[in-house]
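Asks: Structure of the sequence below:
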Amino acid sequence: MSILRIVNPAPVIRGHYGTLWHDSQHPIGYMITLIIIPLFLAVVIGQFLTVTWEIVGFLTVFYGAVLALSARSAFNIPNIGEADGEREADALQQLRRTAMYAVFLGLVSFLTSLIVAGSHFIVRQNPSIVEWAQANLMTQVVPLVLTFTSTVLIFLLVHYLFTLGVLFRWLYLMGEAGSL
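Replies: Numbering: from 1, shown residues only. Modelled structure (predicted):
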């Protein structure tokens with residue numbers, strides 16, 4: 001078995017969004033909620049809020065804590081064979097896929113914020129990098145990079161929070177059905 005097959009995120013993404021698209025009653029609503037609204041909010045907020053060292057540090061610690069606390073959660077969900085009926089088995093499968101996607105998204109968000117935090121740290125330690133960039137690059141490049149970075153981090157945060165909302169919805173439905 002190839003190591004690339006083990007770390008391949010495609011089955012997790014395909015499983016989460018594929019199930020939401022094919023098996024849910026409101027697939028367009030889920031896609032708008034999980035992708036369009038976070039993207040819109042990130043673009044709007046990213047125009048006015050530039051990510052600072054404090055925000056990046058907070059996000060890195062937040063994602064690290066969330067990842068550490070939730071990494072095992074997807075593996076503690078009951079097996080599909082333990083479900084009482086077909087509907088409960090489908091709900092357990094969706095709960096498992098959403099939990100796996102939430103853990104994957106937490107990992108991606110943590111790594112992205114860690115990269116941005118490392119970049120902030122390097123730039124803070126070497127102000128000559130900023131001077132070189134301002135002297136050798138067009139004047140619009142540095143603010144564009146800061147805006148893009150802000151937009152990406154805000155999108156990941158809002159998308160992660162909305163994904164947790166979907167996960168909590170599935171947990172609520174499973175608890176209501178008496179499965180958990």
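Asks: Identify the residues contacting stretch 26-33?
Replies: The contact list for stretch 26-33, computed with Cβ atoms under 8 Å, 6 or more residues apart in numbering, reads 17, 20-21, 24, 162, 165-166. Placement of C-beta: from N, CA and C, glycine included.
Asks: go again using 6 Å as the cut-off
Replies: If you take Cβ atoms under 6 Å, 6 or more residues apart in numbering as the criterion, stretch 26-33 is touched by 20-21, 24, 162.
Asks: For ChimeraX, write a command that selects the buried ones of these.
Replies: Burial among these is assessed by 16 or more other Cβ atoms under 10 Å; the matching ChimeraX selection reads:
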select :20,162
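Asks: And the helices in this structure?
Replies: Taking DSSP state H as the test, the helices found in the chain are 3-6, 10-23, 27-31, 37-48, 53-70, 86-125, 127-136, 141-176.
Asks: could you say what helices and strands the longest one packs with?
Replies: Read it as helix 86-125. Applying 3 or more Cβ pairs under 6 Å, 6 or more residues apart in numbering; DSSP states H and E, we find helix 86-125 packed against helix 10-23, helix 53-70, helix 141-176.
Asks: Can you give me the pLDDT of the most centrally placed residue in the chain?
Replies: The chain has residue 105 as the residue nearest its centroid, 3.4 Å off, counting by Cα atoms, centre = their mean. Turning to residue 105, the model gives it a pLDDT of 86.
Asks: Surely it and residue 162 touch.
Replies: No - judged on Cβ atoms under 6 Å, residue 105 makes no contact with residue 162 at a distance of 10.2 Å.
Asks: contacting residues around the residue lying closest to residue 49 once chain neighbours are set aside?
Replies: Leaving aside its sequence neighbours, residue 49 sits nearest to residue 150 (Cβ to Cβ, 6 or more residues apart in numbering; 6.0 Å). By Cβ under 6 Å, 6+ apart, the contact list for residue 150 reads 46, 49-51.
Asks: which among these end up buried?
Replies: Applying 16+ other Cβ under 10 Å to these flags 46, 51 as buried.
Asks: quick one on the thing from earlier: compare the helices of the chain and say which comes out lowest on pLDDT.
Replies: Lowest mean pLDDT within the helices of the chain: helix 3-6, at a mean of 50.
Asks: quick one, what contacts the most far-flung residue of the chain relative to its centre?
Replies: Farthest-out residue of the chain from its mean C-alpha position, per Cα atoms, centre = their mean: residue 135, at 35.4 Å. With contacts defined as Cβ under 6 Å, 6+ apart, residue 135 is in contact with no residue.
Asks: how close does it get to residue 145?
Replies: Separation of residue 135 from residue 145 (Cβ to Cβ, to the nearest Å) stands at 15 Å.
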